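Novice: Got a predicted model here, sequence first, then my questions.
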Amino acid sequence: VLCRGLGTHWSHDPKMLAGLPDNERAAENWLDLRERLLAHGFGQTTLTNFERRAFLQDDHRFVYEEFSFHPDRFDMLGFGPGGISFAADPGFAGGLKLLNPDSAADYTAAVEPHIAPWDRYFEYDRDDLRVFYLTRRLAALHIDRHDYRSLFGDDVLEEMASEVEAAEADGLIEINEDAIRPRPRGM
């Protein structure tokens, strides 16, 4: 992941930034790559992941990422450098994200004396959880409107009316009475 202002080491590298395509070219690259993967036997499982179609319904496939797209149902526990953990309150009223140190040395230094390995955190309030939920569900390629209403008491189409309207007008999403899904260009 690379974009200006991201804050990562490589987002400050002028050579790497100079090589970035403009948004239109980046979208064309994405659409081309996606079509090639689909044409060569892969199925899209998330916004950025593809698996061979033979494994899509296999009982032995990894489901940790799929479960992470349901933060209202599953807590997540991250191990190692850069690991991310998340847990929500019952009723999805608040939550907590814990982030482990990015470097292996810092992580090891925290773990060896049995200190909690995380070095930063973020407390989610109800509004933060709405945004978190929507971004996780978009990454899963499907926002269930009924689930959203059950969790937050509102219809996402009313609550985010201007954002949804703009995304639909630009052909980035498709909407029906049950769900909002990103179109390939919206991905």
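Specialist: That came through, no problem. Numbering: from 1, shown residues only.

Novice: for this structure, what spans make up the helices?
Specialist: 14-18, 23-39, 64-68, 104-111, 126-139, 145-152, 156-159, 161-169 (DSSP state H).

Novice: low pLDDT regions in the protein?
Specialist: Within the chain, the segments meeting pLDDT under 70 span 1-3.

Novice: Residue most distant from the centroid, it?
Specialist: The C-alpha centroid of the chain is most remote from residue 113, which lies 32.8 Å away (Cα atoms, centre = their mean).

Novice: still on that earlier bit, any idea which of the helices of the chain gets closest to residue 120?
Specialist: Residue 120 lies closest to helix 104-111 among the helices of the chain, at 11.4 Å (Cβ to Cβ). Bear in mind the C-beta positions are built from the backbone N, C-alpha and C, glycine included.

Novice: Of the helices of the chain, which is nearest residue 179?
Specialist: Closest among the helices of the chain, once you apply Cβ to Cβ, is helix 145-152, at 6.0 Å.

Novice: what separates the residue nearest to residue 178 when sequence neighbours are not counted from residue 112, distance-wise?
Specialist: Distances taken as Cβ to Cβ, 6 or more residues apart in numbering place residue 145 nearest to residue 178, at 6.0 Å, with adjacent residues excluded. The gap separating residue 145 from residue 112 is 48 Å, by Cβ to Cβ, to the nearest Å.

Novice: of these two, who's got more company?
Specialist: The residue with more neighbours, out of residue 145 and residue 112, is residue 145; 16 against 9, by other Cβ atoms under 10 Å.

Novice: Just to check, the more buried one is in contact with residue 156?
Specialist: Yes: the criterion here is Cβ atoms under 8 Å, and residue 145 meets it with residue 156 at 6.0 Å.

Novice: okay, and the common contacts of these two?
Specialist: Common neighbours of residue 145 and residue 156, counting by Cβ atoms under 8 Å, 6 or more residues apart in numbering, are residue 180.

Novice: Of all the helices of the chain, which one is nearest residue 4?
Specialist: Between the helices of the chain, helix 14-18 lies closest to residue 4; by Cβ to Cβ that is 6.1 Å.

Novice: in that closest one, what's buried?
Specialist: Residues of helix 14-18 classed as buried by neighbour count (16 or more other Cβ atoms under 10 Å): none.

Novice: ditto for stretch 137-152
Specialist: Buried residues in stretch 137-152 (16+ other Cβ under 10 Å): 137-141, 143, 145, 147-148, 151-152.

Novice: then that stretch to CSV, C-alphas only?
Specialist: Presented in CSV, the C-alpha positions along stretch 137-152 are these (Å, rounded to 0.1, in the frame of the first residue of the first chain):
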residue,chain,number,x,y,z
ARG,A,137,-17.7,-5.0,5.3
LEU,A,138,-16.7,-3.2,2.2
ALA,A,139,-13.4,-5.2,2.3
ALA,A,140,-15.6,-8.3,2.4
LEU,A,141,-17.4,-7.0,-0.7
HIS,A,142,-20.8,-6.9,1.0
ILE,A,143,-22.6,-4.6,3.5
ASP,A,144,-25.7,-6.3,4.7
ARG,A,145,-28.2,-3.5,5.3
HIS,A,146,-30.3,-5.5,7.7
ASP,A,147,-27.3,-6.4,9.9
TYR,A,148,-26.2,-2.7,9.9
ARG,A,149,-29.7,-1.7,11.0
SER,A,150,-29.7,-4.4,13.7
LEU,A,151,-26.4,-3.2,15.1
PHE,A,152,-26.9,0.6,14.9
